[in-house]
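**Q** Sequence and predicted structure are below.
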Amino acid sequence: MSTALIVIDMLNPYDHEDAEPLMESVAEMLPSMQELIERAPEAGLLTVYVNDNHGDWSAGRDKLTRRAEAGAAPHLIKPIAPPEDTPFVVKARHSVFYQTQLEYLLRQEGIERLVLTGQVTEQCVLYSALDGYVRHFEVVVPRNAVAHIHEDLAEAALRMMEENMRAQVASSVDAALEAAFA
């Protein structure tokens, strides 16, 4: 089964009201996120970055990366900035699928399973998992590679993904990569 790693909303300037708890969570999860992103190609996973345009319809990979690196936490951006040769999709709402070309790209590549990493667990990761599920993708979410704003809501979101969307919530990067080929 072909699998894709979807990196969600990691180009964030952290200039919003709830940025502080999110930055703390990203800092904690960043080593696992970075490991997952680095290991994906050798594991044969297609990696696709999907990022919110923050209301700027002229923004793409380069502009969003520069804006994030100039923001409050460049140390959270630089280790996982999207390489030039990696597919990049711009979104405007919570789900990576909502009015984007992501599903078309995944179908063209024969992808059947998604591994989701990024932020925010109780928002964009949750809605992306739901939209992946209703599109008949299998979903894997490594709990140590998704960042949250509210820990209690993130735990509830992970449980919802597992119970309602049949997602495999993996305990680690290794478990997520194993699940990617189960």
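**A** In hand now; what should we look at?
**Q** need the next SSE after the longest strand along the chain, C-terminal direction.
**A** For the chain, the strand reaching the highest residue count under DSSP state E is reported as strand 111-119. Counting by DSSP states H and E, the next helix or strand C-terminal to strand 111-119 is helix 126-134.
**Q** Can you pull out the residues in contact with the strand or helix carrying Val141?
**A** Per DSSP H and E, Val141 falls inside strand 138-142. Strand 138-142 is contacted by residues 1, 3, 32, 36, 112-117, 125, 129, 132-133, 158, 161, 165-173, 175-176, 179-180 when judged by Cβ atoms under 8 Å, 6 or more residues apart in numbering. C-betas here are computed from N, CA, C, even on glycine.
**Q** roughly how far apart are Met23 and Phe137?
**A** Counting by Cβ to Cβ, to the nearest Å, the gap from Met23 to Phe137 is 30 Å.
**Q** More neighbours: which of those two?
**A** Phe137 (23 against 20; other Cβ atoms under 10 Å).
**Q** Which residue, other than its chain neighbours, is closest to the more buried one?
**A** Nearest non-adjacent residue to Phe137, counting by Cβ to Cβ, 6 or more residues apart in numbering: Leu114, 5.0 Å away.
**Q** For the one you found, give its distance to Val173.
**A** For Leu114, the distance to Val173 equals 15 Å [Cβ to Cβ].
**Q** Would you mind telling me which of these two has the busier surroundings?
**A** Leu114 (27 against 23).
**Q** so the helix ranked longest in the chain versus strand 111-119, what angle?
**A** Secondary structure of the chain per DSSP state H: the longest helix is helix 19-39. Helix 19-39 and strand 111-119 are oriented at 140 degrees to each other (axes from the mean of the first three to the mean of the last three Cα atoms, to 10 degrees).
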